[in-house]
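S.K.: Have a look at this prediction, sequence included:
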Amino acid sequence: MNAYILRCKPHGFNREQEFLDGRISIGWPCGTSLANKSREEVAKTLAGRYADLSEISVSMVNLFVDMPANSIVLTPSISNKALIHIFKTTSVYQYDSDADQEDVGNPHYVTVELLKTVSRADLPPAVIRSLSGARKTLSQISQHYDLLDDYIVSGFEAESAPEVTCSGNKAEALNVLYELLASENETIRLNAAIAILNNEKN
């Protein structure tokens, strides 16, 4: 079973509400559907539109195109960085030719059901660590699928999660640290990560 982290700013647009309305996407308008294409075919198609295409970008797009139904997808909120949206995919990859334009930039999508929006600090600790380290638009975290599935089935209660017991100032301080993990400053990111890890040990 599959699980992913997907950020909700495809093609540079904030599409958080669109995600919440049941349609997640990755951008990359390229003039055609990517369904049933191999990784090499996806790379060739994208290279025809994007001169500075990287292998990482190809891998992310290919990962999205191959995303199965019933996958779990975590999306950090843009409007409130302390929150994480949890989705379950209800379709495989779809293509919308009307959205395959630079000013829209959103032709590749998957339909989803929003299961719940939760505090980042309430997630299982291992998932929090993966979220903290995921810098790409799309990352696969299928190693945590069973953990996330148990978390969902249990009514979104994480076992042995020290963050769950946090309240007041400590919980607020942890949320600030998680926000700092998105800083452009490498030193700030490193110090925030160290502080979070130290908290988990205590």
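M.R.: Noted; the coordinates are in hand.

S.K.: Got phi/psi on Val110?
M.R.: Here is the backbone geometry of Val110 (degrees, to the nearest 10): phi -140, psi 140.

S.K.: and what of Ser119?
M.R.: Dihedral angles of Ser119 (phi, psi; degrees, to the nearest 10) stand at phi -70, psi 140.

S.K.: With Asn80 as the reference, measure out to it.
M.R.: Distance, Ser119 to Asn80, using CB to CB, to the nearest Å: 9 Å. Every residue, glycine included, has its C-beta placed from N, CA and C.

S.K.: Show me which of those two is the more surrounded one.
M.R.: Neighbours were counted for Ser119 and for Asn80 using other CB atoms under 10 Å; Ser119 has more, 18 against 14.

S.K.: Which residue, neighbours along the chain excluded, lies closest to that one?
M.R.: Leaving aside its chain neighbours, Ser119 sits nearest to Ala82 (5.9 Å; criterion: CB to CB, 6 or more residues apart in numbering).

S.K.: Look up how far Ser25 lies from that neighbour.
M.R.: According to CB to CB, Ala82 and Ser25 sit 24 Å apart.

S.K.: before we move on, what about Leu53?
M.R.: As it turns out, when the distance is counted by CB to CB, Leu53 lies 19 Å from Ser25.

S.K.: So which residues of this structure form strands?
M.R.: 3-6, 23-25, 72-76, 83-89, 94-95, 108-119, 138-140 (DSSP state E).

S.K.: quick revisit: of Leu53 and Ser25, who's got more company?
M.R.: Per other CB under 10 Å, whichever of Leu53 and Ser25 has more neighbours is Ser25, with 23 against 16.

S.K.: For the more buried one, name its beta-bridge partners.
M.R.: Each beta-bridge partner of Ser25 is listed here, defined by DSSP bridges: Tyr109.

S.K.: Starting from Asn191, give me the distance back to it.
M.R.: Between Ser25 and Asn191 the distance, using CB to CB, works out to 34 Å.

S.K.: Equivalent analysis for Leu147, please.
M.R.: To Asn191, Leu147 is 27 Å away according to CB to CB.

S.K.: More neighbours: the two, which one.
M.R.: Leu147 (18 against 14).
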